[in-house]
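1. could you work out the structure for the sequence below:
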Amino acid sequence: MIGRALRGAVVLLAGFVLVSGCGSDRPAELSVDEVKPCELIPQSAHQQLQVRLAPQSVDSVPEVDTEGDTCYYSPHERSNVWVSAITNHGIDRWVDPPFDHAHSEEVSRIQGYRTMKVWLDSERPDPNHQCRIYVDVASGQSLRVKVDESSEKEDPPTCTTARRYAELAMKTLIADRG
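-> Down below sits the predicted model:
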């Protein structure tokens, strides 16, 4: 009797682990395999974001062991912004960062998708230092917005800027899939 109850509990526990490991709490899979990051921020938003130069497409993501494409934005008198479609790492990579000098924190979701803020030991924890925001768009994929350190006191905090770009990019990504 106890053995049967124990086996039943083990089967239930195994089922729970299997379901929670395979399941996702993202509203939908938004594959970024074919996404062009320079098309994620609408032209109509460039003036509002004070983008002064045409966005530049880059066929890589400047980060260790990371694949995908990037778009570089240069807002007028503000930090540089990179919007990247990462095709080989989801945000789970940052839940327990693989690098000793990296740290992460889950922040409020964007369009219902899990969102992480990531920083390195060498980066001071102040509002004008470099900021990276990752959004969980699909299994093994993510959207990343990176904003460089700002020396301008009048600029909004770098993570505020990163989130603003991430929100616009996610709105476009969802609309394109709908």
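2. quick one: residues contacting the residue nearest in space to the middle of the chain.
-> The centre of the chain sits closest to residue 134, judged by Cα atoms, centre = their mean, with a distance of 1.6 Å. Residues in contact with residue 134 (Cβ atoms under 8 Å, 6 or more residues apart in numbering) are 86, 91, 94, 115-118, 142-144. Backbone N, C-alpha and C define where each C-beta goes, glycine included.
3. which SSE is it in?
-> Element membership for residue 134, per DSSP states H and E: strand 131-138.
4. quick check: what element follows that strand along the chain?
-> By DSSP H and E, the next helix or strand past strand 131-138 is strand 141-147.
5. what's the next secondary structure element after that next one?
-> Following strand 141-147 in sequence, per DSSP H and E, is helix 158-177.
6. I'd like to know which elements that following helix is packed against.
-> With contacts defined as 3 or more Cβ pairs under 8 Å, 6 or more residues apart in numbering; DSSP states H and E, helix 158-177 has these neighbours: strand 81-86, strand 102-110, strand 113-120, strand 131-138, strand 141-147.
7. what's the closest non-adjacent residue to residue 164?
-> residue 49 (7.3 Å; Cβ to Cβ, 6 or more residues apart in numbering).
8. any idea whether the one you found is helix, strand or coil?
-> coil (DSSP: H, G, I helix; E, B strand; the rest coil).
9. try residue 26
-> coil.
10. residue 142 is in contact with that one, correct?
-> No - contact criterion Cβ atoms under 8 Å: residue 26 and residue 142 do not qualify, at 10.7 Å.
11. overlap in contacts, these two.
-> Joint contacts of residue 26 and residue 142 (Cβ under 8 Å, 6+ apart) are residue 136.
12. could I get the average pLDDT for stretch 104-120?
-> For stretch 104-120, mean pLDDT rounds to 91.
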